[in-house]
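> okay, here's the prediction I keep looking at, along with the sequence it came from:
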Amino acid sequence: MPDGHAAPPSGQIHSPETQAREVRPDWSAYATAYDLLSDHNPAYRALVADFTAFLGSIERPRVIYDIGGGTGNYTEVAARLCPESEVHLMEPDAGMIGHARAKLAAHDNVRYHNIALEDVAAEGAADLVICVHALYAMPGQGQRLDDLRRLLRPGGLLYLIDLGRDMNVGDWRGYLFSHLKKERGLAGALRVFWQGREIAKQNAAIRKAQKSGLYWTHSGAELASAVSDAGFDILRQDSVYRDYSDLLVCRAVS
Ligand SMILES: C[S@@+](CC[C@H](N)C(=O)[O-])C[C@H]1O[C@@H](n2cnc3c(N)ncnc32)[C@H](O)[C@@H]1O
């Protein structure tokens, strides 16, 4: 990337130096409306349901990390289904982690770390690492995948979902509006849209960040190749979230 402004080709991994020059979407502002997604977006709910089924299908992990865990929706599933496990929510944004703390107060097996992945020092501690819709927003995805590998014990599992394709705000608006209108009528749909106006604003900021090259875009094959390079075997791969994202279940190579 010669000047730091032209978007690199899809799948090209960005250096931290390139990304540091750019402007970021405001995750704290997003946090105020974020859980309208889990309440009203069927595509978001389908991902949480997939994770719930996945967690029910594996041997109970003793130590679980949720990286870029946001308002804690995946941490909540892990804490509830694995009450004997330690669940560590790692989230650098104060607004996001504040919402998670308030929401998950009833779970005494959750530990909160207000920290970015690149600053987590642990090594080989986790049986399961969850990283959903956060990798694309991090600096230096190749190094961040190495970090995810480093956190896991050999044979441990990574449950990874990443936004890879361009965020088309109009497409999402149409999808959500038609779903809400069916479910709650026109007035109900308009009410939820008004409450969730920060989501549309931050999704537009994500799109800008993708265009400028700050946020990573990739195909499923490009993500799979980066994941393999970091020392993972891929056990499952699907295109999800209306084909905007890729879901990979991976095992840390011994
Ligand atoms: C779209 S939210 C996803 C939240 C949650 N995983 C979910 O799916 O509901 C992306 C999150 O990634 C976090 N994030 C951004 N950069 C990060 C980094 N370097 N390390 C860890 N998390 C990061 C943001 O603060 C934000 O909360």
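Right, received. Where do you want to start?

> residue contacts, the residue in the chain positioned nearest to the ligand?
At 2.5 Å from the ligand, G70 is the closest residue in the chain, using CB to the nearest ligand atom. Placement of C-beta: from N, CA and C, glycine included. By CB atoms under 8 Å, 6 or more residues apart in numbering, G70 lies in contact with W27, A31, Y34, E91, D93, M96, A100, A134.

> just to check, the last one is in contact with Y65?
No - look at A134 against Y65 with CB atoms under 8 Å: they stay out of range, at 11.8 Å.

> now M167: closest residue in space that isn't a chain neighbour?
Nearest non-adjacent residue to M167, counting by CB to CB, 6 or more residues apart in numbering: R207, 4.4 Å away.

> contacts only, for that neighbour.
When contacts are counted by CB under 8 Å, 6+ apart, R207 touches D166, M167, N168, V169.

> what about the third one, how many residues nearby?
Read that as N168. 14 (other CB atoms under 10 Å).

> do stretch 34-47 and the ligand meet at all?
No - when contact is scored as CB under 6 Å from any ligand atom, no part of stretch 34-47 falls within range of the ligand; the minimum is 6.9 Å.

> around the ligand, pick out the residues from the stretch 101-250 of the chain.
A116, L117, E118, V132, H133, A134, A137, M138.

> separation between Y136 and E118?
To E118, Y136 is 15 Å away according to CB to CB, to the nearest Å.

> the more surrounded of those two?
Comparing Y136 with E118 by other CB under 10 Å, the one with more neighbours is Y136, at 23 against 13.

> mind listing the helices for the protein?
16-20, 27-31, 35-40, 42-57, 73-81, 94-103, 141-151, 169-195, 197-212, 220-229 (DSSP state H).

> worst average pLDDT in the ones you listed?
When the helices of the chain are compared on mean pLDDT, helix 16-20 scores lowest, with a mean of 47.

> I'd assumed M138 was in contact with A116.
Yes - A116 is within contact range of M138, at 7.5 Å (criterion: CB under 8 Å).

> ok, those two, which is more surrounded?
Neighbours were counted for A116 and for M138 using other CB under 10 Å; M138 has more, 24 against 18.

> quick one: the more buried one and G68 touch, right?
Yes - contact criterion CB under 8 Å: M138 and G68 qualify, at 7.4 Å.

> what's the overlap in contacts for these two?
Counting by CB under 8 Å, 6+ apart, the common neighbours of M138 and G68 are L117.

> about what we covered before: want to throw the helices of the chain into a markdown table with distance to A122?
Converted to a markdown table, the helices of the chain look like this (distance: least, CB to CB, whole Å):
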| stretch | distance to A122 |
| --- | --- |
| helix 16-20 | 20 |
| helix 27-31 | 23 |
| helix 35-40 | 28 |
| helix 42-57 | 21 |
| helix 73-81 | 16 |
| helix 94-103 | 18 |
| helix 141-151 | 6 |
| helix 169-195 | 35 |
| helix 197-212 | 28 |
| helix 220-229 | 20 |
